[in-house]
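>>> 3D, please:
(4 chains)
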2 protein chains.
Amino acid sequence: MVRNATSAAVRSDLAADRALLGRTGTAQRVSDILRERIAEGYFAPGERLSEDAICAGLSISRNTLRESFRLLSRDRLLVHELNRGVFVRRLTVADVIDLYRVRKMLECAAVREVDGPNEDIESIASAVQEGDQAASRHDWQALGTADLHFHQAIAALAGSQRVDEFMRGILAELRLVFHAMDDPRRFHERYLPRNHEILERLEDGDGVGAERLLAEYLDDAERQLVNAYAKLA
Amino acid sequence: MVRNATSAAVRSDLAADRALLGRTGTAQRVSDILRERIAEGYFAPGERLSEDAICAGLSISRNTLRESFRLLSRDRLLVHELNRGVFVRRLTVADVIDLYRVRKMLECAAVREVDGPNEDIESIASAVQEGDQAASRHDWQALGTADLHFHQAIAALAGSQRVDEFMRGILAELRLVFHAMDDPRRFHERYLPRNHEILERLEDGDGVGAERLLAEYLDDAERQLVNAYAKLA
DNA sequence: GCATATTTGTCCGTATGTATA
DNA sequence: CTATACATACGGACAAATATG
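Below is the predicted model:
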């Protein structure tokens, strides 16, 4: 009986894994855990991740953990130095500039095509709403993630699975930059009203107008972020 | 003496590895070998790659090979099915459309910014020249890769390391599509003169003119490729 | 539908090489 | 220079899933 119940619980876990197609089990699961830890800043940029320590902590083998490390290195969240181990990525100012160059290309191209009602705009609107609620709660962490959701939704206007995935990676890297800064409040707070404006243009079907606002937004954000980041490095 | 000479030779190999920063040794090397085999069509789309067979063939352990598989899966060249193994990716028509959507976004945005002399245009010119030579040799395989080099150089105009890498992946996927087709000649041959035209515009600093030609090029190529590919699937 | 062989998933132990105190 | 700690890579083992008869 008990054995059956346990077996059923395990089975449903495996079924859930199977649903997410690429799942290979442990390695993928572990990489998701580590990705989360990195995203929330538990592992700081520059920190070295010891194989033995994490193996022991998560009760997995070195081989499995190494597979997880590979996945995260591929996502640029970890850097692998030969015979030295893996470290949480520490981005340079040049990286920040590169990230914003990519964002300008993708996000601007995505909004420019908008010339009428588009159902994908709903997810942009809900990201803006998410930001409003976070701001009213004075939850600046949540405001930051709402801003990322906003721009992820912007990129999704392109309607390309690969652009979506690329953008996810870009924003995950950007999160590393935000974690290196002390005060996320002032940074994200300033841009909330501009997200509203961009949304309005899109809802009016004015893609080129939205593009202009978005380009200004990204230039300002890049300038401010580079200034703040250069002081730390 | 002999021992010293051998040691020196090995050392220079390792030094070369170290120079290419991300090198982690065997796994990376093996993934490069497999990537090459896939690119040249030795492993056909849909084919399963046996762990034992490749381990034996390359004289490496399963653990190392599995790390290589991870790397290639991350590049979308292999797909990993749980408890079934890895297969060479087989792209759908939707994938082809997605790939061209990305190309239009990136390549058009890259050329649009050109408004004057640019040293990066040299590599575009040499790719065109590479295509001319391949065509004169009637080497259609080489013509195909020259075309890919051309578009890689186009994307490089953006001046972003991440865009370069993304584009490399996009074009590697596209190679899988070309391998599924029988006659690469007619496909690539048609577009060589258009590459010349685009290059001329860029050398004249006419970015927007180049963008228009490039957009037409990509639309035509997509249409033709989708038609040919739909017949196979 | 069942029993088989094959293949993958995961883990362990170890020998070797590398970096660092 | 030595010693310690760690990463790399290998080979073997067993369970679980899949493919085959």
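>>> Break chain A down into its domains, please.
Following automatic domain parsing, chain A resolves into domains at A:7-88, A:93-232.
>>> want to throw those domains into a markdown table with mean neighbour count, distance to B:Met105 and mean pLDDT?
Heads up, the C-betas are built off the backbone N, CA and C, glycines and all. Below are the domains of chain A laid out as a markdown table (neighbours: other CB atoms under 10 Å in any protein chain shown; distance: least, CB to CB, whole Å; pLDDT from 0 to 100):
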| stretch | mean neighbour count | distance to B:Met105 | mean pLDDT |
| --- | --- | --- | --- |
| domain A:7-88 | 16 | 21 | 71 |
| domain A:93-232 | 18 | 4 | 92 |
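>>> I'd like these written out as TSV, with distance to B:Ala146 added.
Shown next, in TSV, are the domains of chain A (distance: least, CB to CB, whole Å):
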stretch	distance to B:Ala146
domain A:7-88	29
domain A:93-232	24
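>>> Nearest to DNA strand C, out of these?
Nearest of the domains of chain A to DNA strand C, taken as CB to the nearest atom of the strand: domain A:7-88 at 2.5 Å.
>>> Run the chain-centre distance for the closest one.
Chain-centre distance of domain A:7-88: 17 Å, with CA atoms, centre = their mean, to the nearest Å.
>>> of all of chain A, which residue lies closest to chain B?
Going by CB to the nearest CB, chain B is nearest to A:Arg74 of chain A, at 4.0 Å.
>>> Can you list the residue ranges for helices in chain A?
Ranges of helices in chain A, per DSSP state H, are A:2-19, A:26-39, A:51-58, A:62-74, A:93-112, A:121-136, A:140-156, A:161-180, A:184-189, A:192-203, A:207-232.
>>> out of the ones you listed, nearest to B:Glu173?
B:Glu173 sits nearest to helix A:161-180 of all the helices of chain A, at 8.6 Å, using CB to CB.
>>> need the helices of chain A in TSV with distance to B:Asn63, can you?
Converted to TSV, the helices of chain A look like this (distance: least, CB to CB, whole Å):
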stretch	distance to B:Asn63
helix A:2-19	22
helix A:26-39	12
helix A:51-58	14
helix A:62-74	5
helix A:93-112	32
helix A:121-136	41
helix A:140-156	35
helix A:161-180	27
helix A:184-189	41
helix A:192-203	47
helix A:207-232	39
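>>> Switch those over to JSON lines; also include distance to DNA strand C.
Shown next, in JSON lines, are these (distance: least, CB to the nearest atom of the strand, whole Å):
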{"stretch": "helix A:2-19", "distance to DNA strand C": "9"}
{"stretch": "helix A:26-39", "distance to DNA strand C": "3"}
{"stretch": "helix A:51-58", "distance to DNA strand C": "7"}
{"stretch": "helix A:62-74", "distance to DNA strand C": "3"}
{"stretch": "helix A:93-112", "distance to DNA strand C": "22"}
{"stretch": "helix A:121-136", "distance to DNA strand C": "33"}
{"stretch": "helix A:140-156", "distance to DNA strand C": "29"}
{"stretch": "helix A:161-180", "distance to DNA strand C": "22"}
{"stretch": "helix A:184-189", "distance to DNA strand C": "32"}
{"stretch": "helix A:192-203", "distance to DNA strand C": "41"}
{"stretch": "helix A:207-232", "distance to DNA strand C": "23"}
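>>> what residues does chain A put near chain B?
When proximity is defined by CB under 8 Å from any CB of the partner chain, chain A lies next to chain B at A:17-18, A:22-25, A:27, A:63, A:66-67, A:70-71, A:73-74, A:80, A:82, A:98-99, A:101-102, A:105-106, A:108-110, A:158-163, A:166, A:170.
>>> ok, now with 7 Å
Residues of chain A lying near chain B by CB under 7 Å from any CB of the partner chain: A:18, A:22-25, A:63, A:66-67, A:70-71, A:74, A:80, A:82, A:98, A:101-102, A:105-106, A:109, A:158-163, A:166.
>>> Which residues does stretch A:222-231 contact?
With contacts defined as CB atoms under 7 Å, 6 or more residues apart in numbering or on different chains, stretch A:222-231 is touched by A:93, A:96-97, A:100, A:177, A:180-181, A:187.
>>> Considering these, which is situated nearest to B:Asn118?
Relative to B:Asn118, the closest of the contacts of stretch A:222-231 is A:Ile97; by CB to CB it sits at 18.4 Å.
>>> Next, find the distance separating the closest one from A:Val226.
7 Å (CB to CB, to the nearest Å).
>>> now do A:Glu189
Counting by CB to CB, the gap from A:Glu189 to A:Val226 is 19 Å.
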